[in-house]
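Trainee: Okay, here's the prediction I keep looking at, along with the sequence it came from:
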Amino acid sequence: MIERFLKQTSFTSQDDYKKNLQFIVPERFNFAYDVMDVWAEEKPDKVALIWTNDEGACRKFTFKDLKEQSDRTAAYFMQLGIGKGDMVMLILKRRYEFWLSMLALHKIGAVAIPATHMLTKHDIVYRNTRAGIKAIVCVGESYVLSQVSAAMAESPSVKVLVSVGPEVPAGFHDWHREWPEAPAFVRPEHPNDNSDTMLMYFTSGTSGEPKMVAHDFLYALGHLTTGVFWHNLAEDSIHLTVADTGWGKAVWGKLYGQWFAGAAVFVFDHEKFTADKILRQIEKYHITSFCAPPTVYRFMIHEDFSKYDLSSLRYCTTAGEALNPAVYDKFLKLTGIRLMEGFGQTETTMTLGTMPWTEPKPGSMGLPNPQYDIDLVKPDGTPCEDGEKGEIVIRTDKGKPIGLFKEYYRDEELTRQAWHDGVYHTGDEAWRDEDGYYWFVGRIDDVIKSSGYRIGPFEVESALMTHPAVMECAITGVPDEIRGMVVKATIVLSKAWRDRAGDELVKELQDHVKHETAPYKYPRVIEFVDELPKTISGKIRRVEIREKDKKMKNEE
């Protein structure tokens, strides 16, 4: 498959990869037709999707099944009036209908907008009106249905509502009753150009309403390197990425790149995460490749690995936020598997990563993915030297890289702020070592300025994570009259340490950080909590901690 899209299909070193990675770009690329339907023709009986849920149900889909059922789904959507360019929001959790819907919308040339099931009425109204959403396909669960229904009076653009069950209230089409009766699919004559919008995500920043990140049809092609090289997948791989379909990481790890490789995508449709549940699935279904945010690994390493047979597991990756070296070391000790880190944004595919031919440096994001022209720059735009902190940027003066977003939809000003003069600004700060590896410092908005020092949250979190008392932590800045800001640590303690929370442990943790890293970085304020605020994707919401502290300060 990949020889259709790459001039060289295997690499032996980073230098080889950098020199010889070159895409073959079809005139009108459509992932559903050019990858999935080709697999259905060449390997019809190859298992492409294994779906199971926490009630024990299991369904397997071959490439032939996915072609036939995505064709039927496309025909069903077209019968409902969904056409090329129409905006369709998918609130489907991990239901298998998500994959049928994504492929069907690609075949029609419509725009897929995955969204989390945690949206409120306000969130849904905002998305409907800002994007001009025409149809919503959602799970038939009380909360989701109630929020969608409540939003309709203020959502004039929405013409079609579809429920995949189990509940199907009045006003919603019944997927499982109507879908089998859909007419034969007739492929549209011209479903898309490469520059057409294929996919859109609403992504929240540190302030303001969510941004609409629009991707063209070549975005899917950009993920070839994600699945084939970073995840190191082949046709005999069974890959599990822990991600809700409302988050961009789902298409990083549960769709495009994996199917370029011909691997089986494994989906565990569960309501509540526990590390034990995930490890049981790896054991039961003989998962060979696993990817999850560091949060998941932080919980996994506290399990008793002797209870599980993980002999099938060959390769593990992580992304979503920076990986603490202490977690890397413990996971390696427990499994013998090195965690290969990657970095990217909703606006990109993987831009930095540790590939199979490179040696990981625990805590580093890895090396630049050569499909992007990556640089590190100072505030004045000049390049950083090795060891200097700067912003990660992508240079686009020679053309837009495959995988980089099109625009912030309907927001020219916001697009210009982030992407101007041939440079896309990621807003993430890092430093580069003498071997070219990048090391995450933090979001530029998250960096703490204290007594003239710039302190990245990740470096303090990494120091704290080496103490056995710390299960999870988040570093933020709190205002201080003398120092401007001081470092605050919000900490979730390991079970064995929870009854020791108090001043003595605070002092012990402060001294530990002073020993592990530069003393000026130690947290002068420590708060113990039961859990950290997180996005549905598992990223720690430091902004929520800051807002809570600010509110408490104002109330004093």
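Mentor: Structure's in. What do you need?
Trainee: Per-residue pLDDT of residue 9, please?
Mentor: Note for residue 9: predicted pLDDT of 97.
Trainee: right, and the secondary structure at it would be what?
Mentor: Secondary structure assignment for residue 9 (DSSP: H, G, I helix; E, B strand; the rest coil): coil.
Trainee: Okay, now stretch 165-180: how far is its last residue from its first?
Mentor: 15 Å (C-alpha to C-alpha, to the nearest Å).
Trainee: do the same with stretch 8-23
Mentor: End-to-end for stretch 8-23, by C-alpha to C-alpha: 9 Å.
Trainee: Residue 491 belongs to a strand?
Mentor: Yes: assigned with three-state DSSP, residue 491 falls within a strand.
Trainee: pretty sure it contacts residue 528?
Mentor: Yes: in terms of C-beta atoms under 8 Å, residue 491 counts as a neighbour of residue 528; the distance is 5.5 Å. Using the backbone N, CA and C atoms, a C-beta is placed for each residue, glycine as well.
Trainee: ok, these two, which is more surrounded?
Mentor: residue 491 (26 against 18; other C-beta atoms under 10 Å).
Trainee: so who does residue 214 touch?
Mentor: Neighbouring residues of residue 214 by C-beta atoms under 8 Å, 6 or more residues apart in numbering: 197, 199-200, 405-409.
Trainee: how about stretch 312-328: buried residues?
Mentor: Within stretch 312-328, the residues that count as buried by 16 or more other C-beta atoms under 10 Å are 313, 315-328.
Trainee: same question for that stretch, mean pLDDT?
Mentor: pLDDT averaged over stretch 312-328 gives 92.
Trainee: Any buried residues in the helix-or-strand element of the chain with minimal mean pLDDT, and which?
Mentor: Of all helical and strand segments in the chain, the minimum by mean pLDDT, DSSP states H and E falls on strand 453-455, at a mean of 76. Neighbour-count burial for strand 453-455, counted by 16+ other C-beta under 10 Å, picks out residue 455.
Trainee: what about the next helix or strand after it, average pLDDT?
Mentor: Sequence-wise, the next helix or strand downstream of strand 453-455 (DSSP states H and E) is helix 457-464. Taken as a whole, helix 457-464 has an average pLDDT of 87.
Trainee: all helices for the stretch 451-556 of the chain, in order.
Mentor: 457-464, 503-516, 542-555 (DSSP state H, counting those that start in this stretch).
Trainee: Could you check how far the first one is from the centre of its chain?
Mentor: Chain-centre distance of helix 457-464: 22 Å, with C-alpha atoms, centre = their mean, to the nearest Å.
Trainee: who does it touch, helix- and strand-wise?
Mentor: Judged by 3 or more C-beta pairs under 8 Å, 6 or more residues apart in numbering; DSSP states H and E, helix 457-464 is in contact with strand 438-443, strand 470-480, strand 484-493, helix 503-516.
Trainee: Over the second one, what's the mean pLDDT, rounded is fine.
Mentor: Yep, that's strand 470-480 we're talking about. The model assigns strand 470-480 a mean pLDDT of 91.
Trainee: May I have the strands that pair with that strand, each with its orientation?
Mentor: The strands that strand 470-480 pairs with in its sheet are strand 484-493 (antiparallel) (by DSSP bridges).
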